[in-house]
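In: Dropping the sequence and predicted coords here.
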Amino acid sequence: MLSAQSQPAASICRERVSQINCLHNPPECVLLNRSTIRLSRLIAAHISPNDEVYFPVVPSSVTAATEICVKKNSLAGSARCVYQAQIGYVTQPKKDKREEFFVAAQVCPPTLGISSILISCKALREYFYRIPRRLEFQPPSLRVGEKSNQPARPR
């Protein structure tokens, strides 16, 4: 028989960004209530003033590895978010309605209420293996000084 472990619900801080200070290592974000939080460089590169940040208020301070969600301030009305979290178990790839593969990754621990995220396999492949997006990509010829479309062959 399985039993679920109950964790105390963490308070969630929801505040607007006043400014980003990238001169510190790690970068710091100053909120409208004048408190500061430390961010990873990846998240700091995607935050701008008036964006809304969500993060759990825990006894230890917010670090660069803390689960955080940034809702971009958009005049167009479409909600764009940047999300950082630690993940655990990842499912086997599955096809979606567009015949593209994706995986579901479990968020550990899900303090903001997001228990899993869907990640396209194409995005994972490009991130980890640096495969170019263009299909017509051809590696450069190994022959020096020759401008031929023929591949290099051993002699």
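Out: The structure has been received and is ready for your questions. As the structure is a computational prediction, the values presented were derived from the model and not from experiment.
In: quick check: domain ranges of this protein?
Out: Here the domain assignment for the chain is 11-84, 87-129, based on automatic domain parsing.
In: how long is stretch 27-38 end to end?
Out: 6 Å (C-alpha to C-alpha, to the nearest Å).
In: quick one, which of the domains of the chain is packed in tightest?
Out: domain 11-84 (a mean of 15; mean count of other C-beta atoms under 10 Å). C-beta coordinates here come from the backbone N, C-alpha and C atoms, glycine included.
In: For the lengthiest helix in the chain, which helices and strands make contact with it?
Out: Assignment by DSSP state H gives helix 121-129 as the longest helix of the chain. When contacts are defined as 3 or more C-beta pairs under 8 Å, 6 or more residues apart in numbering; DSSP states H and E, helix 121-129 sits against strand 101-107.
In: So for the strand it packs on, mean pLDDT?
Out: Strand 101-107 carries an average pLDDT of 94.
In: okay, the angle between that strand and helix 121-129?
Out: Angle of strand 101-107 versus helix 121-129, following axes from the mean of the first three to the mean of the last three C-alpha atoms, to 10 degrees, is 70 degrees.
In: what's next to strand 101-107, contact-wise?
Out: Here strand 101-107 makes contact (C-beta atoms under 8 Å, 6 or more residues apart in numbering) with 67, 85-96, 114-122, 124.
In: Can I get the longest helix of the chain in PDB, CA atoms only?
Out: Extracted in PDB, the C-alpha atoms of helix 121-129 (Å, rounded to 0.1, in the frame of the first residue of the first chain):
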ATOM      1  CA  CYS A 121      12.400  16.200 -27.500                       C
ATOM      2  CA  LYS A 122      13.600  18.600 -30.200                       C
ATOM      3  CA  ALA A 123      14.400  21.200 -27.600                       C
ATOM      4  CA  LEU A 124      16.200  18.700 -25.400                       C
ATOM      5  CA  ARG A 125      18.200  17.400 -28.400                       C
ATOM      6  CA  GLU A 126      19.200  20.900 -29.500                       C
ATOM      7  CA  TYR A 127      20.200  21.800 -25.900                       C
ATOM      8  CA  PHE A 128      22.200  18.800 -25.000                       C
ATOM      9  CA  TYR A 129      23.700  17.800 -28.400                       C
END
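In: Fine by me, thanks again.
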